[in-house]
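*Asks:* Next one to model:
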Amino acid sequence: KMAAAESALLWQRLITAKPFFLFCGPNVLQGREHALRLADRIAHIKHARNIEVIFKASYDKANRTSLGSFRGPGMEEGLTILEAVKKATGLPVISDIHETHH
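*Replies:* Below is the predicted model of the structure:
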């Protein structure tokens, strides 16, 4: 959970980001190692290009076009992966919610 002060600082960085800020990441989390590799690359680009970036990935993508499609690792494992991404890279993280029980 992001502290209020940290959230306020992030908000200030985003609203003043020039020329823009990005939400980057996989559509749905495929696993811890994949997310960490991708987040590390995104963090590198963020610093190299001096752009504000938020890592975004779904832990349960319920709005798939096929009922048999992979939806993600689920809430508990997904939030653990997102926490690891934040700790390893320093990137802020966000996910989306598709179900009322989340």
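
*Asks:* Only C-alpha atoms from now on, for both contacts and neighbour counts.
*Replies:* Will do.

*Asks:* In terms of helix, strand or coil, where does A8 fall?
*Replies:* Three-state secondary structure (criterion: DSSP: H, G, I helix; E, B strand; the rest coil) places A8 in helix.

*Asks:* where does the longest helix belonging to the chain sit relative to the chain's centre, distance-wise?
*Replies:* The longest helix of the chain (DSSP state H) is helix 32-49. Helix 32-49 sits 11 Å away from the centroid of its parent chain (Cα atoms, centre = their mean, to the nearest Å).

*Asks:* same check, this time on stretch 61-70
*Replies:* Distance of stretch 61-70 from its chain centroid, counting by Cα atoms, centre = their mean, is 20 Å.

*Asks:* Check which element follows the longest helix of the chain along the chain.
*Replies:* strand 52-56 (DSSP states H and E).

*Asks:* what's in contact with stretch 15-29?
*Replies:* With Cα atoms under 8 Å, 6 or more residues apart in numbering as the test, stretch 15-29 has contacts from 14, 35, 38-39, 42, 51-61, 71-73, 78.

*Asks:* go again using 10 Å as the cut-off
*Replies:* 11, 13-14, 34-35, 38-39, 42-43, 46, 50-61, 70-74, 77-78, 81-82, 92-96 (Cα atoms under 10 Å, 6 or more residues apart in numbering).

*Asks:* Give me the buried entries from those.
*Replies:* For the contacts of stretch 15-29, a neighbour count by 16 or more other Cα atoms under 10 Å gives the buried set as 14, 35, 38-39, 42-43, 46, 51-61, 71-73, 78, 81-82, 92-95.

*Asks:* which residue is nearest the centroid of the chain?
*Replies:* Nearest residue to the geometric centre of the chain (Cα atoms, centre = their mean): K56, 2.6 Å.

*Asks:* Please tell me I have it right and that residue contacts P92.
*Replies:* Yes. The pair K56 and P92 qualifies as a contact (Cα atoms under 10 Å) at a distance of 8.7 Å.
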